[in-house]
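Q: How does the following fold in three dimensions:
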Amino acid sequence: MHLACTAYLTHMHTGDRSADAIDAGGVLPGYRGVIVRDGYFAYGHLTDALHAWCGAHLLRDLKDLYDFEPGRQDWASQMAALLIEARGAARDARQAGKTALDAGVLEDLVARYQALATSGLAANTYRRTATAKDARRIARRFLNFEDMILRFATRPDLDIFTNNEAERTIRPVKVQQRSSGGAWRTIEGLADFAIIQSYLSTATKWGISKLDALRDLFNGHPWIPPGLEPSG
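A: You can find the predicted model right below:
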């Protein structure tokens, strides 16, 4: 199931895990805004948009790494604390109406970020354990995708630290999947569910009950969102 959503719109469609399947939704190709996403590589072809790596996913990975080997992965705990600190700085700037962090604040955050990622890689380079391998992978992620990971700090005017909106929106799909025994019986059934859930989710985001949305639909008056977001 592929999902593209905002606080007021939901679009779900089915497909495999390829870039072509992502494009088949007809929403993200050509999009020039900011996409807040996880680390799935197939999003990389969407070069018209700016990408932001979901901070909640990063914090979970850092916590798991630290909890598994706290004596050797202190850098992961410190990186998590830095992300939370940066999130607070971005929130404060946004609430103050600023479109950028103070230059000194951002410079300090970036310098500490780079130092922690570098130290995490160095501390695990010559260790041949499964945890050290995970640590190297995560440290390289922070080094190689700094722009994406810190997008929320370089664009504090946007509330983009996480893609929690997408996580909440996709949850009914997971609930339905679990109640169906862990898998959908047919791809056609999943495709139909995607259409219906897209409609009901969008209506709910506009304050319209699912029952009212379905009643209007069956009476030949399907509700259509009036815009990308409420006006005024």
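Q: Now do the buried residues in stretch 203-218.
A: With burial defined by 16 or more other CB atoms under 10 Å, the residues of stretch 203-218 counted as buried are 203, 205, 213, 214. (C-beta placed from N, C-alpha, C; glycine too.)
Q: From the contact counts, what lies against the lowest-mean-pLDDT helix or strand in the chain?
A: Sorted by mean pLDDT, DSSP states H and E, the helices and strands of the chain end with helix 164-179, the least confident at a mean of 84. With contacts defined as 3 or more CB pairs under 8 Å, 6 or more residues apart in numbering; DSSP states H and E, helix 164-179 has these neighbours: strand 2-5, strand 10-13, helix 187-205.
Q: any idea of the mean pLDDT for the last one?
A: Averaged across helix 187-205, pLDDT comes to 92.
Q: and if you look at stretch 35-47?
A: Over the span of stretch 35-47, the pLDDT mean works out to 93.
Q: how about the CA coordinates for that stretch, as CSV?
A: Only the C-alpha atoms of stretch 35-47 are listed here, as CSV (Å, rounded to 0.1, in the frame of the first residue of the first chain):
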residue,chain,number,x,y,z
ILE,A,35,8.2,15.0,1.2
VAL,A,36,8.6,13.8,4.7
ARG,A,37,9.5,10.1,4.4
ASP,A,38,11.4,7.1,5.8
GLY,A,39,14.6,5.8,4.2
TYR,A,40,13.0,3.7,1.5
PHE,A,41,15.3,4.1,-1.5
ALA,A,42,12.6,4.1,-4.2
TYR,A,43,11.6,7.7,-3.3
GLY,A,44,15.0,8.9,-4.5
HIS,A,45,13.8,9.4,-8.0
LEU,A,46,11.4,12.2,-7.0
THR,A,47,14.0,14.9,-7.7
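Q: Identify all contacting residues around that stretch.
A: Stretch 35-47 is contacted by residues 17-19, 21-22, 28-29, 31, 49-54, 57, 141, 145, 160, 162-163, 166 when judged by CB atoms under 8 Å, 6 or more residues apart in numbering.
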